[in-house]
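In: need the 3D shape of this:
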Amino acid sequence: MESLSLKEKLIKKSKNFSHEVYYITKELPQHEIFGIISQLRRAVISVSCNIVEGFARDNWGKSKKELLRFIEFSYGSLAEVKFLLEFCNKQYKLSKDKMIHAQKNADNLGVLLFGFIKSLRKDIRRL
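Out: Predicted structure coming up:
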């Protein structure tokens with residue numbers, strides 16, 4: 001079986017994480033639908049969308065700096081999601097197993113994104 005490229009890994013992991021967060025938000029009280037739930041969902045979708053948009057622009061021959069900018073946006077959105085999940089967990093005592101799994105997936109995605117950011121920055125400095 002052929003291994004996935006970094007691009008494919010980032011897209012797949014971010015998309016799966018988005019679905020996971022959407023599932024977790026179903027545990028939150030309905031009075032949070034226009035607050036935390038909405039914010040969490042927008043932030044987690046932003047993680048994937050910025051990855052996809054960054055790679056799409058890179059495919060169009062745009063600069064690596066532009067790709068870096070979108071990957072950094074994605075990393076920032078991931079940090080927002082992690083904060084909001086921790087807040088929700090403390091406020092509403094979410095399922096421990098789901099939270100551990102989500103935190104692990106967020107950390108794994110963060111490691112991939114941060115490594116890619118470092119690599120892009122190094123490539124840009126060489127130019």
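In: what stretches of the protein score poorly on pLDDT?
Out: Across the chain, the ranges flagged by pLDDT under 70 are 1-2, 60-62, 127.
In: try it again with 50
Out: 1 (pLDDT under 50).
In: now the strands for it?
Out: Taking DSSP state E, the chain contains no strands at all.
In: list the helices and strands the longest helix along it packs on?
Out: Longest among the helix segments of the chain by residue count, using DSSP state H, is helix 96-126. Judged by 3 or more CB pairs under 8 Å, 6 or more residues apart in numbering; DSSP states H and E, the packing partners of helix 96-126 are helix 6-25, helix 64-92. For glycine as for every other residue, the C-beta is placed from the backbone atoms N, C-alpha and C.
In: show me which residues of it are buried.
Out: For helix 96-126, burial by neighbour count (16 or more other CB atoms under 10 Å) applies to 98-99, 102, 105-106, 109-110, 112-113, 116, 120.
In: pull the distance from that helix to the chain's centre.
Out: Taking the mean of its C-alpha atoms, helix 96-126 sits 8 Å from the chain's own mean (CA atoms, centre = their mean, to the nearest Å).
In: again with stretch 77-92
Out: Averaging C-alpha positions (CA atoms, centre = their mean) puts stretch 77-92 13 Å from its chain's average.
In: what does stretch 76-87 give?
Out: So, by CA atoms, centre = their mean, the centroid of stretch 76-87 is 9 Å from its chain's centroid.
In: now do it: everything it contacts.
Out: Stretch 76-87 has contacts (CB atoms under 8 Å, 6 or more residues apart in numbering) with 21, 24, 36, 39-40, 43-44, 46-47, 50, 94, 99, 102-103, 106, 109-110, 113.
In: what about 10 Å?
Out: Stretch 76-87 is contacted by residues 14, 17-18, 21, 24-25, 36-37, 39-51, 94, 98-99, 102-103, 106-107, 109-110, 113-114 when judged by CB atoms under 10 Å, 6 or more residues apart in numbering.
In: and the residue nearest to residue 99 when sequence neighbours are not counted, how many neighbours?
Out: Sequence neighbours aside, residue 89 is the residue nearest to residue 99 in space, at 5.1 Å (criterion: CB to CB, 6 or more residues apart in numbering). Neighbours of residue 89 under the rule other CB atoms under 10 Å: 17.
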